[in-house]
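>>> give me the fold of what follows.
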Amino acid sequence: MTGIELAKAAEGMAGTPFRLHGRDPRTGLDCIGLIDCALAAIGCKALFPNGYALRTGQWPDLDAIADQRGFAPATGPVLPGDVLLLKPSASQMHFAIAGLRGGTWIEAHAGLRRVVVTAISDRFPVIRRWRLV
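Numbering: from 1, shown residues only. Here you go, the predicted model:
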């Protein structure tokens, strides 16, 4: 299982409807559902446990969760399949997956109401990044 496979699986979900807490591409995905479904598509265990809240400012130990699922903190250039933790606001987190083409990411975009592949934007700072090892 590689980052390229993860990015390819995520890009294959482009156009899937957005649905808050969505975990099924047939009915809709949110950012965590996108990651979990892309991981499942390449034979990996879901990254996130159930019962999370995206807007509390209090998040579980994300490094421990990532480590348990075969990810490690990433440094250096962004590579396809890197999982990016973004910070849209002081108390909100959002996740995206680095795309196959440099400078792109895949995200479940609430405003556009679907999963999209788009250019990486500085509108949401990347505050953490993990890579399959």
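>>> restrict the worst-scoring helix or strand of the chain on mean pLDDT to CA atoms and write it as CSV.
Lowest by mean pLDDT, DSSP states H and E among the helices and strands of the chain is helix 62-68, with a mean of 86. Provided in CSV are the C-alpha atoms of helix 62-68 (Å, rounded to 0.1, in the frame of the first residue of the first chain):
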residue,chain,number,x,y,z
LEU,A,62,-3.8,12.3,16.0
ASP,A,63,-0.2,11.1,15.8
ALA,A,64,-1.0,8.0,17.9
ILE,A,65,-4.1,7.3,15.7
ALA,A,66,-2.0,7.7,12.6
ASP,A,67,0.8,5.5,14.0
GLN,A,68,-1.6,2.7,14.8
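>>> now it: buried residues?
Going by neighbour count (16 or more other C-beta atoms under 10 Å), the buried part of helix 62-68 is 62, 65-66. C-beta coordinates here come from the backbone N, C-alpha and C atoms, glycine included.
>>> what's the first helix or strand after it?
strand 71-73 (DSSP states H and E).
>>> could the buried residues of helix 62-68 be laid out in a markdown table, adding distance to Leu20?
Formatted as a markdown table, the buried residues of helix 62-68 follow (distance: C-beta to C-beta, whole Å):
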| residue | distance to Leu20 |
| --- | --- |
| Leu62 | 20 |
| Ile65 | 20 |
| Ala66 | 23 |
